[in-house]
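*Asks:* Below are the sequence and a predicted model; questions follow.
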Amino acid sequence: MNRPASRLVERFLALYDELARHLQRRTGSRERAEDVMQDTYMRLLDADARNEDARIQDGRAFIYRVASNLAIDAVRREQRTQGYGEPEASLPDPGPGPQQHAVGNEQLRRLDRALRQLPPNSRLALLMFRVDGLTHAQIARRLGVSESMVAKYIGQALRHCRSQLQKE
């Protein structure tokens, strides 16, 4: 026994051509738009089965919202699956090469040497400020000195490290 078509399904059928054109523009593909149309129809049948169509005030807006959401999902799904194919040989490796690693390691060794040459309070103040993210007040309490002394320690450490890194 066939049930009569719901108001949503009837409205969907009346909007079919207009909605299909809208979805084709939205998805960029006729095939994808047709898939979304079919999914929209199935969602509307489901809404009818749950008697949701009685609560929907603007059937056209509801149909467009359902179809638009499904179109967004379809486009996103396709974009995600496109990344799982074979890697393209023309894409460059974004990571640093061996030469950049060597240069970076050498700069790191020079910075480490410069830090070791600093007086202990200057080194600690700089590391607490840059690495630990402490404020001048927090560093001053930990080192037992004034905040202005912490600023001097950090300035001294930065000047020393900068000059050591620029030497070679």
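*Replies:* Sure thing, it's come through.

*Asks:* And for Arg116, the neighbour number?
*Replies:* By the criterion of other CB atoms under 10 Å, Arg116 has 8 neighbours. (Glycine included, C-beta is placed from N, CA and C.)

*Asks:* give me the element it is part of.
*Replies:* Assessed by DSSP states H and E, Arg116 sits inside helix 98-117.

*Asks:* And the helix or strand following that helix, what's buried?
*Replies:* Moving toward the C-terminus from helix 98-117, the next helix or strand (DSSP H and E) is helix 120-130. Under the neighbour-count criterion of 16 or more other CB atoms under 10 Å, helix 120-130 has 121-129 buried.

*Asks:* same deal with stretch 153-160?
*Replies:* Under 16+ other CB under 10 Å, the buried positions of stretch 153-160 are 153-154, 156-157, 160.

*Asks:* Look through this structure and tell me its longest helix.
*Replies:* For the chain, the helix reaching the highest residue count under DSSP state H is reported as helix 59-82.

*Asks:* What helices and strands are in contact with that one?
*Replies:* Contact partners of helix 59-82 among helices and strands, from 3 or more CB pairs under 8 Å, 6 or more residues apart in numbering; DSSP states H and E: helix 7-27, helix 30-49.

*Asks:* ok, Val75 - contacts?
*Replies:* Going by CB atoms under 8 Å, 6 or more residues apart in numbering, Val75 touches 26-28, 32.

*Asks:* Quick check on those residues: which are buried?
*Replies:* Buried among the contacts of Val75 by 16+ other CB under 10 Å: 26-27, 32.

*Asks:* With distance to Leu165 and pLDDT as added columns, please give the residues you listed in a markdown table.
*Replies:* Below are the buried ones among the contacts of Val75 laid out as a markdown table (distance: CB to CB, whole Å; pLDDT from 0 to 100):
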| residue | distance to Leu165 | pLDDT |
| --- | --- | --- |
| Arg26 | 54 | 87 |
| Thr27 | 54 | 85 |
| Arg32 | 55 | 88 |
